[in-house]
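Peer 1: Got a sequence here, can you build the structure:
(one chain, ligands or ions: 4)
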Amino acid sequence: GLVNTREMFKRAINGGYAIPAFNFNNMEQLQAIIKASSDKKSPVILQVSKGARAYANETLLRYLAQGAVEYAKELGCEHPEICLHLDHGDSFEICKSCVDSGFSSVMIDGSSLPYEENVALTKKVVEYAHQFDVTVEGELGVLAGVEDEVVAEESHYTQPEEVIDFVTRTGCDSLAISIGTSHGAYKFKPEQCTRDPKTGKLVPPPLAFDVLDAIMEKLPGFPIVLHGSSSVPQEYVDIINANGGKLPDAVGIPEEQLRKASKSAVCKINIDSDSRLAFTAAVRKVFNDKPGEFDPRKYCGPARDLMYDLYCHKITEVLGSDNKL
Ligand code: G3H
Ligand code: 13P
Ligand code: NA
Ligand code: ZN
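Peer 2: Ligands and ions are numbered 1, 2, ... in the order given. Got it, this is the predicted structure:
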(Lines give C-alpha, C1' and ligand atoms only; values in the text may rest on other atoms or scores of the structure.)
(Ligands and ions follow the chains in the order given, each with its own letter.)
Protein backbone atom coordinates (compact mmCIF):
# COMPACT_ATOMS: atom_id res chain seq x y z
CA GLY A 1 0.00 0.00 0.00
CA LEU A 2 0.86 3.66 0.30
CA VAL A 3 3.69 4.54 2.68
CA ASN A 4 4.45 7.60 4.82
CA THR A 5 7.64 9.62 4.40
CA ARG A 6 9.59 8.48 7.48
CA GLU A 7 11.79 5.75 5.99
CA MET A 8 12.10 7.53 2.64
CA PHE A 9 13.50 10.63 4.31
CA LYS A 10 15.86 8.74 6.61
CA ARG A 11 17.43 6.96 3.63
CA ALA A 12 17.48 10.11 1.50
CA ILE A 13 19.37 12.07 4.14
CA ASN A 14 21.88 9.30 4.72
CA GLY A 15 22.26 8.71 0.98
CA GLY A 16 22.60 12.34 -0.05
CA TYR A 17 19.65 12.55 -2.43
CA ALA A 18 16.11 13.96 -2.42
CA ILE A 19 12.70 12.35 -2.95
CA PRO A 20 10.66 13.85 -5.79
CA ALA A 21 7.29 15.29 -4.75
CA PHE A 22 5.24 15.67 -7.91
CA ASN A 23 1.78 17.24 -7.94
CA PHE A 24 -0.93 15.53 -9.95
CA ASN A 25 -4.38 16.57 -11.08
CA ASN A 26 -5.22 14.00 -13.74
CA MET A 27 -4.61 10.46 -14.95
CA GLU A 28 -1.93 11.29 -17.50
CA GLN A 29 0.25 13.05 -14.93
CA LEU A 30 -0.15 10.14 -12.54
CA GLN A 31 0.70 7.56 -15.21
CA ALA A 32 3.83 9.48 -16.20
CA ILE A 33 4.94 9.86 -12.56
CA ILE A 34 4.42 6.19 -11.76
CA LYS A 35 6.05 4.93 -14.95
CA ALA A 36 9.08 7.19 -14.44
CA SER A 37 9.53 6.33 -10.75
CA SER A 38 9.03 2.61 -11.45
CA ASP A 39 11.41 2.51 -14.41
CA LYS A 40 14.04 4.45 -12.46
CA LYS A 41 13.43 2.59 -9.18
CA SER A 42 12.76 5.78 -7.23
CA PRO A 43 10.58 6.33 -4.18
CA VAL A 44 8.01 9.02 -4.99
CA ILE A 45 5.60 11.39 -3.27
CA LEU A 46 2.32 12.08 -5.06
CA GLN A 47 1.00 15.47 -4.02
CA VAL A 48 -2.59 16.62 -4.07
CA SER A 49 -3.32 20.32 -3.59
CA LYS A 50 -6.58 21.90 -2.53
CA GLY A 51 -6.98 22.99 -6.15
CA ALA A 52 -6.42 19.40 -7.32
CA ARG A 53 -9.09 18.15 -4.91
CA ALA A 54 -11.51 20.72 -6.24
CA TYR A 55 -10.66 19.96 -9.88
CA ALA A 56 -10.52 16.18 -9.89
CA ASN A 57 -12.44 15.18 -6.74
CA GLU A 58 -10.57 13.94 -3.69
CA THR A 59 -12.07 10.45 -3.82
CA LEU A 60 -11.11 9.89 -7.44
CA LEU A 61 -7.59 11.16 -6.82
CA ARG A 62 -7.22 8.87 -3.83
CA TYR A 63 -8.33 5.80 -5.78
CA LEU A 64 -5.96 6.77 -8.59
CA ALA A 65 -3.10 6.97 -6.08
CA GLN A 66 -4.03 3.66 -4.48
CA GLY A 67 -4.27 2.10 -7.96
CA ALA A 68 -0.83 3.50 -8.66
CA VAL A 69 0.76 1.00 -6.28
CA GLU A 70 -0.69 -1.91 -8.31
CA TYR A 71 0.15 -0.14 -11.56
CA ALA A 72 3.79 0.18 -10.48
CA LYS A 73 3.90 -3.57 -9.81
CA GLU A 74 2.38 -4.26 -13.24
CA LEU A 75 5.20 -2.16 -14.67
CA GLY A 76 7.70 -4.53 -13.08
CA CYS A 77 8.52 -2.58 -9.94
CA GLU A 78 8.43 -5.25 -7.22
CA HIS A 79 8.56 -2.99 -4.17
CA PRO A 80 7.21 0.45 -5.05
CA GLU A 81 7.39 3.17 -2.38
CA ILE A 82 4.60 5.60 -3.07
CA CYS A 83 3.39 8.24 -0.63
CA LEU A 84 0.10 10.12 -1.05
CA HIS A 85 0.58 13.58 0.44
CA LEU A 86 -1.70 16.56 0.95
CA ASP A 87 0.07 19.65 -0.40
CA HIS A 88 -0.47 22.97 1.46
CA GLY A 89 -3.26 21.92 3.80
CA ASP A 90 -4.55 25.14 5.33
CA SER A 91 -6.74 23.92 8.18
CA PHE A 92 -6.96 21.12 10.74
CA GLU A 93 -10.18 19.95 9.09
CA ILE A 94 -8.71 19.43 5.62
CA CYS A 95 -5.73 17.54 7.12
CA LYS A 96 -8.04 15.37 9.24
CA SER A 97 -10.20 14.59 6.24
CA CYS A 98 -7.13 13.44 4.28
CA VAL A 99 -5.83 11.34 7.21
CA ASP A 100 -9.28 9.77 7.61
CA SER A 101 -9.53 8.93 3.92
CA GLY A 102 -6.18 7.17 3.61
CA PHE A 103 -3.53 9.74 2.73
CA SER A 104 -0.18 8.61 4.16
CA SER A 105 1.21 12.12 4.70
CA VAL A 106 -0.10 15.69 5.02
CA MET A 107 1.29 19.19 5.00
CA ILE A 108 -0.15 21.79 7.32
CA ASP A 109 0.93 25.15 5.97
CA GLY A 110 0.60 27.65 8.78
CA SER A 111 3.43 29.78 7.43
CA SER A 112 1.22 32.80 6.87
CA LEU A 113 -0.01 32.76 10.49
CA PRO A 114 1.64 34.48 13.44
CA TYR A 115 4.35 32.17 14.86
CA GLU A 116 2.45 30.95 17.93
CA GLU A 117 -0.66 30.17 15.86
CA ASN A 118 1.45 28.24 13.37
CA VAL A 119 2.92 26.21 16.25
CA ALA A 120 -0.51 25.49 17.77
CA LEU A 121 -2.12 24.47 14.46
CA THR A 122 0.80 22.30 13.36
CA LYS A 123 0.93 20.57 16.77
CA LYS A 124 -2.80 19.81 16.59
CA VAL A 125 -2.42 18.21 13.14
CA VAL A 126 0.63 16.21 14.29
CA GLU A 127 -1.20 14.89 17.37
CA TYR A 128 -4.07 13.69 15.18
CA ALA A 129 -2.06 12.34 12.23
CA HIS A 130 0.49 10.43 14.30
CA GLN A 131 -2.27 8.26 15.79
CA PHE A 132 -2.64 6.82 12.29
CA ASP A 133 1.08 6.77 11.43
CA VAL A 134 0.57 9.62 8.97
CA THR A 135 3.59 11.94 8.71
CA VAL A 136 3.28 15.73 8.86
CA GLU A 137 5.17 18.49 7.06
CA GLY A 138 5.13 21.94 8.63
CA GLU A 139 6.37 25.23 7.20
CA LEU A 140 8.27 28.21 8.58
CA GLY A 141 9.04 31.27 6.51
CA VAL A 142 7.00 32.67 3.66
CA LEU A 143 7.44 31.70 0.03
CA ALA A 144 6.90 34.69 -2.19
CA GLY A 145 4.11 34.36 -4.70
CA VAL A 146 3.68 36.07 -8.02
CA GLU A 147 -0.01 36.30 -7.20
CA ASP A 148 0.43 38.84 -4.45
CA GLU A 149 3.15 40.76 -6.28
CA VAL A 150 5.64 39.89 -3.56
CA VAL A 151 8.72 38.30 -5.06
CA ALA A 152 11.23 36.26 -3.09
CA GLU A 153 13.04 38.54 -0.73
CA GLU A 154 15.13 38.10 2.37
CA SER A 155 12.56 39.32 4.87
CA HIS A 156 10.47 36.23 4.12
CA TYR A 157 13.26 33.69 4.62
CA THR A 158 12.93 31.09 7.35
CA GLN A 159 14.62 32.39 10.50
CA PRO A 160 17.15 29.78 11.67
CA GLU A 161 16.63 30.95 15.30
CA GLU A 162 13.04 29.64 15.20
CA VAL A 163 13.46 26.15 13.78
CA ILE A 164 14.47 24.20 16.91
CA ASP A 165 11.57 25.60 18.92
CA PHE A 166 9.15 24.91 16.04
CA VAL A 167 10.04 21.28 15.40
CA THR A 168 10.34 20.33 19.08
CA ARG A 169 7.06 21.94 20.09
CA THR A 170 5.06 20.72 17.08
CA GLY A 171 6.61 17.27 16.64
CA CYS A 172 6.41 17.65 12.85
CA ASP A 173 8.29 15.10 10.74
CA SER A 174 9.72 17.50 8.16
CA LEU A 175 10.05 21.24 7.71
CA ALA A 176 9.43 23.28 4.57
CA ILE A 177 11.61 26.35 4.48
CA SER A 178 11.91 29.56 2.50
CA ILE A 179 15.33 30.34 1.02
CA GLY A 180 14.33 32.17 -2.15
CA THR A 181 12.19 29.72 -4.10
CA SER A 182 8.58 30.53 -4.98
CA HIS A 183 5.67 28.86 -6.75
CA GLY A 184 4.88 29.08 -10.45
CA ALA A 185 6.76 29.80 -13.69
CA TYR A 186 7.78 33.38 -12.82
CA LYS A 187 9.95 32.95 -9.76
CA PHE A 188 11.95 36.13 -10.15
CA LYS A 189 11.22 39.52 -11.63
CA PRO A 190 13.47 40.45 -14.56
CA GLU A 191 14.98 43.25 -12.45
CA GLN A 192 16.20 40.67 -9.90
CA CYS A 193 18.05 38.77 -12.63
CA THR A 194 20.95 39.33 -14.96
CA ARG A 195 20.76 38.40 -18.64
CA ASP A 196 22.89 35.85 -20.45
CA PRO A 197 24.57 37.98 -23.12
CA LYS A 198 24.46 35.13 -25.67
CA THR A 199 20.89 33.86 -25.31
CA GLY A 200 19.20 36.91 -23.79
CA LYS A 201 17.64 34.58 -21.21
CA LEU A 202 17.24 35.62 -17.59
CA VAL A 203 19.76 34.33 -15.04
CA PRO A 204 18.17 34.32 -11.56
CA PRO A 205 19.93 35.20 -8.30
CA PRO A 206 21.16 32.18 -6.27
CA LEU A 207 19.14 30.63 -3.46
CA ALA A 208 20.15 31.56 0.09
CA PHE A 209 22.34 28.55 0.83
CA ASP A 210 23.74 30.37 3.86
CA VAL A 211 20.26 30.31 5.41
CA LEU A 212 19.90 26.61 4.54
CA ASP A 213 23.28 25.91 6.17
CA ALA A 214 22.27 27.78 9.32
CA ILE A 215 19.00 25.81 9.51
CA MET A 216 20.78 22.47 9.04
CA GLU A 217 23.27 23.39 11.74
CA LYS A 218 20.39 23.91 14.19
CA LEU A 219 18.62 20.68 13.13
CA PRO A 220 21.23 18.05 12.31
CA GLY A 221 19.71 15.20 10.30
CA PHE A 222 16.21 16.67 10.27
CA PRO A 223 14.31 16.39 6.95
CA ILE A 224 14.08 19.71 5.10
CA VAL A 225 11.62 20.36 2.26
CA LEU A 226 11.95 22.75 -0.67
CA HIS A 227 8.77 24.03 -2.31
CA GLY A 228 8.71 26.02 -5.52
CA SER A 229 11.51 23.99 -7.08
CA SER A 230 10.57 23.92 -10.74
CA SER A 231 13.39 24.87 -13.09
CA VAL A 232 11.12 26.16 -15.87
CA PRO A 233 13.03 24.40 -18.70
CA GLN A 234 13.57 26.89 -21.50
CA GLU A 235 13.04 24.17 -24.12
CA TYR A 236 9.40 23.87 -23.01
CA VAL A 237 8.93 27.62 -22.79
CA ASP A 238 10.34 27.94 -26.32
CA ILE A 239 8.00 25.24 -27.71
CA ILE A 240 5.04 26.93 -26.04
CA ASN A 241 5.98 30.36 -27.38
CA ALA A 242 6.69 28.98 -30.87
CA ASN A 243 3.24 27.40 -31.01
CA GLY A 244 0.97 30.26 -30.09
CA GLY A 245 1.73 30.56 -26.37
CA LYS A 246 2.90 33.60 -24.50
CA LEU A 247 5.20 33.05 -21.53
CA PRO A 248 7.65 35.92 -21.65
CA ASP A 249 10.56 35.84 -19.20
CA ALA A 250 9.41 32.72 -17.36
CA VAL A 251 12.22 31.70 -15.01
CA GLY A 252 12.84 28.94 -12.44
CA ILE A 253 15.50 27.50 -10.15
CA PRO A 254 18.66 26.36 -12.00
CA GLU A 255 19.11 22.59 -11.79
CA GLU A 256 22.64 22.91 -10.45
CA GLN A 257 21.30 24.50 -7.25
CA LEU A 258 18.72 21.74 -6.80
CA ARG A 259 21.44 19.14 -7.33
CA LYS A 260 23.44 20.79 -4.55
CA ALA A 261 20.41 20.99 -2.23
CA SER A 262 19.57 17.31 -2.88
CA LYS A 263 22.93 16.25 -1.50
CA SER A 264 22.15 17.99 1.82
CA ALA A 265 19.41 17.40 4.41
CA VAL A 266 16.92 18.66 1.83
CA CYS A 267 15.11 15.39 1.22
CA LYS A 268 11.85 16.43 -0.51
CA ILE A 269 11.76 18.66 -3.56
CA ASN A 270 8.39 19.87 -4.84
CA ILE A 271 7.82 20.15 -8.57
CA ASP A 272 4.54 21.05 -10.24
CA SER A 273 5.01 23.88 -12.75
CA ASP A 274 7.56 21.99 -14.89
CA SER A 275 5.01 19.23 -15.47
CA ARG A 276 2.40 21.82 -16.46
CA LEU A 277 4.87 23.34 -18.93
CA ALA A 278 5.70 19.94 -20.46
CA PHE A 279 2.00 19.09 -20.81
CA THR A 280 1.21 22.44 -22.40
CA ALA A 281 4.21 22.36 -24.75
CA ALA A 282 3.23 18.94 -26.10
CA VAL A 283 -0.44 19.84 -26.52
CA ARG A 284 0.30 23.17 -28.23
CA LYS A 285 2.66 21.46 -30.64
CA VAL A 286 0.11 18.82 -31.65
CA PHE A 287 -2.58 21.45 -32.10
CA ASN A 288 -0.28 23.55 -34.25
CA ASP A 289 1.13 20.66 -36.32
CA LYS A 290 -2.14 18.76 -36.76
CA PRO A 291 -5.08 21.15 -36.75
CA GLY A 292 -7.42 18.31 -37.78
CA GLU A 293 -6.71 16.25 -34.66
CA PHE A 294 -9.56 16.06 -32.19
CA ASP A 295 -9.01 12.80 -30.30
CA PRO A 296 -7.78 13.79 -26.80
CA ARG A 297 -5.60 10.67 -26.72
CA LYS A 298 -3.64 12.09 -29.64
CA TYR A 299 -2.55 15.13 -27.64
CA CYS A 300 -2.74 13.89 -24.04
CA GLY A 301 -0.61 10.89 -25.12
CA PRO A 302 2.30 13.04 -26.34
CA ALA A 303 1.86 15.22 -23.22
CA ARG A 304 2.19 12.11 -21.07
CA ASP A 305 5.33 11.05 -22.96
CA LEU A 306 6.97 14.44 -22.47
CA MET A 307 6.10 14.49 -18.75
CA TYR A 308 7.59 10.99 -18.45
CA ASP A 309 10.86 12.26 -19.92
CA LEU A 310 10.78 15.22 -17.53
CA TYR A 311 10.18 13.07 -14.44
CA CYS A 312 12.95 10.63 -15.45
CA HIS A 313 15.31 13.55 -15.89
CA LYS A 314 14.46 15.00 -12.46
CA ILE A 315 14.95 11.63 -10.78
CA THR A 316 18.22 10.65 -12.43
CA GLU A 317 19.91 13.96 -13.25
CA VAL A 318 18.77 16.34 -10.52
CA LEU A 319 17.51 14.66 -7.33
CA GLY A 320 19.54 11.44 -7.56
CA SER A 321 16.72 9.23 -6.26
CA ASP A 322 17.13 6.51 -8.92
CA ASN A 323 18.01 2.93 -7.91
CA LYS A 324 16.91 3.52 -4.32
CA LEU A 325 14.15 0.90 -4.04
O1 G3H B 1 1.58 24.92 -4.24
C2 G3H B 1 1.30 25.02 -5.41
C3 G3H B 1 1.16 23.81 -6.22
O4 G3H B 1 1.86 23.99 -7.43
C5 G3H B 1 -0.29 23.47 -6.44
O6 G3H B 1 -0.91 24.42 -7.25
O7 G3H B 1 -2.95 25.04 -5.99
O8 G3H B 1 -2.77 25.44 -8.47
O9 G3H B 1 -3.02 23.12 -7.57
P10 G3H B 1 -2.51 24.52 -7.31
P1 13P C 1 6.64 24.83 -8.51
O2 13P C 1 5.57 25.82 -8.86
O3 13P C 1 7.99 25.45 -8.56
O4 13P C 1 6.56 23.60 -9.37
O5 13P C 1 6.42 24.38 -6.98
C6 13P C 1 5.49 23.39 -6.64
C7 13P C 1 5.22 23.30 -5.17
O8 13P C 1 5.92 23.81 -4.33
C9 13P C 1 4.05 22.51 -4.76
O10 13P C 1 3.83 22.56 -3.38
NA1 NA D 1 19.13 15.16 0.52
ZN1 ZN E 1 4.36 24.41 -2.47
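Peer 1: Could I get the phi/psi values of Lys290?
Peer 2: Torsion angles at Lys290 (phi, psi; degrees, to the nearest 10) stand at phi -130, psi 80.
Peer 1: Go ahead and list the helix or strand containing the closest residue to it other than its chain neighbours.
Peer 2: Spatially, and ignoring its direct neighbours in sequence, Lys290 is nearest to Lys298 (7.5 Å; Cβ to Cβ, 6 or more residues apart in numbering). Yep, even glycine has a C-beta here, placed from its N, CA and C like the rest. In this structure, Lys298 sits in helix 296-313 according to DSSP states H and E.
Peer 1: and that helix, anywhere near ligand 2?
Peer 2: No. Counting by Cβ under 6 Å from any ligand atom, ligand 2 is not contacted by helix 296-313; separation bottoms out at 11.3 Å.
Peer 1: What helices and strands are in contact with that helix?
Peer 2: helix 27-39, helix 273-289 (3 or more Cβ pairs under 8 Å, 6 or more residues apart in numbering; DSSP states H and E).
Peer 1: which parts of the shortest one are buried?
Peer 2: Right, the one you point to is helix 27-39. Glu28, Gln29, Leu30, Gln31, Ala32, Ile33, Ile34, Lys35, Ala36, Ser37, Ser38, Asp39 (16 or more other Cβ atoms under 10 Å).
Peer 1: Strand partners (parallel or antiparallel) of the helix or strand hosting Val136?
Peer 2: Val136 is located in strand 135-140, with elements delineated by DSSP H and E. When sheet partners are counted by DSSP bridges, strand 135-140 sits next to strand 105-108 (parallel), strand 174-177 (parallel).
Peer 1: Columns mean neighbour count and mean pLDDT on top of those strands, output as JSON lines?
Peer 2: Shown next, in JSON lines, are the strands paired with strand 135-140 (neighbours: other Cβ atoms under 10 Å; pLDDT from 0 to 100):
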{"stretch": "strand 105-108", "mean neighbour count": "28", "mean pLDDT": "98"}
{"stretch": "strand 174-177", "mean neighbour count": "24", "mean pLDDT": "98"}
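Peer 1: between the ones you listed, which one is nearest to Lys96?
Peer 2: Taking Cβ to Cβ, strand 105-108 is the member of the strands paired with strand 135-140 nearest to Lys96, at 8.8 Å.
Peer 1: For the nearest residue to Lys40 once chain neighbours are set aside, the count of nearby residues, please.
Peer 2: Closest residue in space to Lys40, ignoring its immediate chain neighbours: Asp322 at 4.2 Å, by Cβ to Cβ, 6+ apart. Asp322 sits with 17 neighbouring residues when counted by other Cβ atoms under 10 Å.
Peer 1: for the residue nearest in space to the middle of the chain, helix, strand, or coil?
Peer 2: In the chain, the centroid-proximal residue (Cα atoms, centre = their mean) is Asn270; its distance is 1.6 Å. Under DSSP: H, G, I helix; E, B strand; the rest coil, Asn270 falls in the strand class.
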